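Participant: Model the structure of this input:
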Amino acid sequence: MKQQCGRLIVLALGSLITAGVFAQAFPVKPIRLVVSFPPGGATDTFSRAAAAEVTKALGQQVIVENRPGAGTTIAADLVAKAPPDGHTLLFTDLSTHTITASLYQKLPYHPLRDFAPVVALNSSPLLLVAHPSVGAKTVRDLIAVAKKHPGITLANSGIGTVTHMTAERFRLRAGIDTTAVSYKGGALPVIATLGGEVAMVMATVPASIQHVQRGKLVALGLAAAQRSPHLPNIPVIAETVKGVEGAVISGILAPAGTPRAVVERLNAEFNKASEAPRVREIYAENAADTLTLTPAQVQATLERDTKIWAEVVKATGVKLQ
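Facilitator: Numbering: from 1, shown residues only. Below is the predicted model:
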């Protein structure tokens, strides 16, 4: 019995030493940071800021690779099937990632089981903005306009994204009839709203705030529980319509099976990157609050949000193959 226990202890110590050595050697080549959205949007902006800092810390290039499309599932599928060695990572909106679990009837991967959570960097609330021609300056104004003009267009950055589901949540809770118009990425629906192609958009702050500040678009409300200290003059939608919340949660996932020591090192380095002055400045410019979570806390967040968004998807009746 004592001999068996001794062997188990030796094996456990051996595993710990091996994991520690592996983590110290990591990375042995450039890291692919696969971003699930096109260049120019919130997720892309944050990924590049973080990649620049982590490159300096790890001594290997962290290469941002944009793989947008299919509601973030193209990038997710690529990373889910990559070798689980920490050299291929998914940088995505964790909110949208959890939405895909109930939105798609068939996925080539499982949004929870096939990934190892690494880190959640920040959370940036979505912003409902309208073209000035709509004639609305507040959420209440917009609801009145929408009831006079059923089917008014409400754009989003892709079917199944958090912008889409948050817009649907607003439609349902406000009791209005809107027509969803989906684009690829966060910049395109804002451009369409600027041009009057659509009436309004549930947008990311980075893609829309500069146009609000220039008077080209009207900020109606943030999809948050309370006002942002970064944008204190913009009200929240919940002040008029309760329960409308949605945020881009920028996070990183690795393929399932990635060594724990590697995951923990990546978690530490990316969390440190969020403390860099330039990164904090970029977060603040985009109304993003820094998050400092362990991999276990990220996992708990993913599991919780998967259940929350499943209820929204069910209420909307939206389903994708």
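
Participant: Centre-most residue in the chain?
Facilitator: In the chain, the centroid-proximal residue (Cα atoms, centre = their mean) is D93; its distance is 1.6 Å.

Participant: And that residue, how close does it get to S124?
Facilitator: According to Cβ to Cβ, to the nearest Å, D93 and S124 sit 9 Å apart. Just so you know, the C-beta spots here come from the backbone N, C-alpha and C atoms, and that holds for glycine as well.

Participant: Check the contact lists of these two and give me the overlap.
Facilitator: Shared contacts of D93 and S124 (Cβ atoms under 8 Å, 6 or more residues apart in numbering): 42, 248, 250.

Participant: State the helix or strand in which the last one lies.
Facilitator: S250 is part of strand 247-255 when elements are defined by DSSP states H and E.

Participant: Render the CA-only coordinates of that strand in CSV, please.
Facilitator: What follows is strand 247-255, C-alpha atoms only, in CSV (Å, rounded to 0.1, in the frame of the first residue of the first chain):
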residue,chain,number,x,y,z
ALA,A,247,-22.1,43.9,-23.8
VAL,A,248,-19.1,42.9,-25.8
ILE,A,249,-17.0,40.8,-23.4
SER,A,250,-13.6,40.5,-25.0
GLY,A,251,-12.0,37.2,-24.0
ILE,A,252,-9.6,34.5,-25.1
LEU,A,253,-10.3,30.8,-25.4
ALA,A,254,-7.8,28.0,-26.1
PRO,A,255,-8.5,24.5,-27.5
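
Participant: Summarise which helices and strands that strand is packed against.
Facilitator: helix 42-58, helix 73-80, strand 88-93, helix 94-103, strand 115-125, helix 260-273 (3 or more Cβ pairs under 8 Å, 6 or more residues apart in numbering; DSSP states H and E).

Participant: now the angle from that strand to helix 42-58?
Facilitator: 50 degrees (axes from the mean of the first three to the mean of the last three Cα atoms, to 10 degrees).

Participant: Could you tell me the angle between strand 247-255 and strand 115-125?
Facilitator: Using the same axes, to 10 degrees: strand 247-255 against strand 115-125 is 160 degrees.

Participant: Give me the average confidence score over strand 247-255.
Facilitator: In this model, strand 247-255 has an average pLDDT of 96.
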